[in-house]
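> here is a sequence together with a model predicted from it:
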Amino acid sequence: MAEGQIYKIHSDFYYIDDGCTTTVCKVREVLKKRKEKIYVGDFAEYNNGYIEEIIPRKNYIARPSVANIDQIIIVSALKEPDLNLAQLDRYIALAHYYNIPAQLCFNKSDLKWDRHLKEKITKIYKTLGFDVVYTSATEHSGIKAFERLLKDKTSVLCGNSGVGKSSLINAINPELNLRTKAVSEKLQRGTHTTRHCEIIKLNDTSRIVDTPGFSNVKFDFIMPAEVDLLFDDIKIYSDKCKYSNCLHIHEDGCNVLANLDKIDPSRYESYLAFVDEANAYKELVKYEGTKTEVLTKKINNKHVAKISGKKRQNSRRTLKQNLYKDIEEDE
Ligand SMILES: Nc1nc2c(ncn2[C@@H]2O[C@H](COP(=O)(O)OP(=O)(O)O)[C@@H](O)[C@H]2O)c(=O)[nH]1
Ligand SMILES: [Mg+2]
Ligand SMILES: [Zn+2]
């Protein structure tokens, strides 16, 4: 039995790399029947052109579906489109949710951008412990630092479409020649084709996953009181709040509010926005709870006051699967 990593999936064909050679496989019927999703990045055991088993994955992200990654590189543009810190916080929180380390890349440094942003980035994001690189894919500046960030790892590039993800990969290795598109072209609807992600070998040890841009990742899959877990700079104060379910908005004895001067306003704003989104989820769970009650009443003819833990789990899982429902799959 051979073992290797799936680096591309195209319809029923799975492209596997065992470190020396690549093989194309299909999936054994017994494995298909288990209905477990197979991700790009999964390690597989295969024999005679058939995948027999998937080795348990250390992590994964949904849409773009990819498993066993070492880090997420969040790419933002300093200009064209303008830097959007709220969007950056969204990606950071998402990486946190998946428990995958994140690093930050600010691209298009060749354009005329507001230099005060650099101070702000250092103050907020370097303090949070992120590695930060400034690049220009077109002028080839900062590309060496960007490459160092990727060294010996499998990285997923994420960031809105048009920030320069594909251009950055091309800057490192022009032979890859990934398709890039002007921002204005991208905004035109109707030209979307679904593109699946693929693990690309940058060199012997670094691998990268280019993704189509995505946007509108809403936090409507966690409870409002869990949002602070995704903000390290808020969480350090929340342990000392009077109430364990404190949302740090106007509660009595809130230690976050007592230390609000130490939290950057833009970060707190992002936090509030995600709590708002999570509230929509809380409402939905309540609603699903009511539905269960009615159903149970009808079947068993007795009243069940509380939503069962299992039902709660189920609805949560469904929501997590819908995580990127607004994904913008262009290119
Ligand atoms: N001025 C400037 N333009 C860039 C830079 N990187 C990418 N672009 C342009 O931005 C547009 C989007 O780039 P692309 O790599 O397709 O972005 P992606 O959607 O994130 O993959 C293209 O027109 C690129 O030429 C950069 O560093 N500076
Ligand atoms: Mg691209
Ligand atoms: Zn609080």
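Okay, I see it. Numbers count the residues shown, from 1 in each chain. Ligands and ions are numbered 1, 2, ... in the order given.

> would you mark the buried spots in stretch 127-134?
Applying a neighbour-count criterion of 16 or more other Cβ atoms under 10 Å, one finds F130, D131, V133, Y134 buried in stretch 127-134. To be clear about C-beta, it is placed using only N, CA and C from the backbone, and glycine gets the same treatment.

> equivalent analysis for stretch 257-273, please.
Using 16+ other Cβ under 10 Å as the burial criterion, the residues of stretch 257-273 that qualify are L257, N259, I263, D264, R267, Y268, S270, Y271, A273.

> residues in contact with Y39?
The contact partners of Y39, taken as Cβ atoms under 8 Å, 6 or more residues apart in numbering, are I6, R57, Y60, S65, V66, A67.

> of those residues, which belong to strands?
Among those, the members falling in strands are I6, Y60, V66, A67 (criterion: DSSP state E).

> of the residues you listed, grab the buried ones for PyMOL.
Only the buried entries of the ones in strands among the contacts of Y39 go into this PyMOL selection, using 16+ other Cβ under 10 Å:
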select buried, resi 6+60+66+67
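
> just to revisit the earlier point, within reach of ligand 2, which of the buried residues of stretch 257-273 are there?
Restricting the buried residues of stretch 257-273 to those adjacent to ligand 2 (criterion: Cβ under 5 Å from the ion) removes every one of them.

> export those residues to TSV and tack on distance to K153 and secondary structure?
What follows is the buried residues of stretch 257-273, written out as TSV (distance: Cβ to Cβ, whole Å; DSSP: H, G, I helix; E, B strand; the rest coil):
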residue	distance to K153	secondary structure
L257	39	helix
N259	35	coil
I263	31	coil
D264	29	coil
R267	27	helix
Y268	32	helix
S270	27	helix
Y271	29	helix
A273	31	helix
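
> name the nearest residue to the closest residue to ligand 2 within the stretch 101-250 of the chain, sequence neighbours excluded.
When distances are taken as Cβ to the ion, the stretch 101-250 of the chain approaches ligand 2 most closely through S166, which lies 3.3 Å from it. Across the structure, with Cβ to Cβ, 6 or more residues apart in numbering as the measure, the residue nearest S166 apart from its sequence neighbours is L178 (4.2 Å).

> the one you found: what secondary structure?
On the three-state scheme (DSSP: H, G, I helix; E, B strand; the rest coil), L178 is labelled coil.

> from the contacts of Y39, which two are the most distant?
Using Cβ to Cβ, the contacts of Y39 span at most 12.2 Å, a distance reached by I6 and Y60.

> shared neighbours, the two?
By the contact definition Cβ under 8 Å, 6+ apart, I6 and Y60 are jointly contacted by Y39, G41.

> spell out which residues of the stretch 51-200 of the chain are next to ligand 1.
By the rule Cβ under 6 Å from any ligand atom, the part of the stretch 51-200 of the chain lying against ligand 1 is 107-108, 110-111, 136-138, 159, 161-167, 180-183.

> pull out the buried residues from those.
For those, a burial check counting by 16+ other Cβ under 10 Å picks out 107-108, 136-137, 159, 161-167, 180-181.

> which one of the residues you listed is nearest E147?
A137 (12.3 Å).

> was I right about the closest one contacting I172?
No. Distance between A137 and I172: 9.2 Å, which falls outside the contact criterion (Cβ atoms under 8 Å).

> what is in contact with the two at once?
I143.

> let me see the ranges of the helices in the stretch 151-300 of the chain.
165-172, 183-186, 232-238, 255-258, 265-300 (DSSP state H, counting those that start in this stretch).

> want to throw those into JSON lines with mean pLDDT and distance to S244?
As requested, the helices of the stretch 151-300 of the chain are arranged in JSON lines below (pLDDT from 0 to 100; distance: least, Cβ to Cβ, whole Å):
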{"stretch": "helix 165-172", "mean pLDDT": "93", "distance to S244": "40"}
{"stretch": "helix 183-186", "mean pLDDT": "49", "distance to S244": "44"}
{"stretch": "helix 232-238", "mean pLDDT": "97", "distance to S244": "9"}
{"stretch": "helix 255-258", "mean pLDDT": "98", "distance to S244": "12"}
{"stretch": "helix 265-300", "mean pLDDT": "75", "distance to S244": "16"}
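
> of all those, which lies closest to ligand 3?
Comparing those by their distance to ligand 3 (Cβ to the ion), the top pick is helix 255-258, with 4.2 Å.
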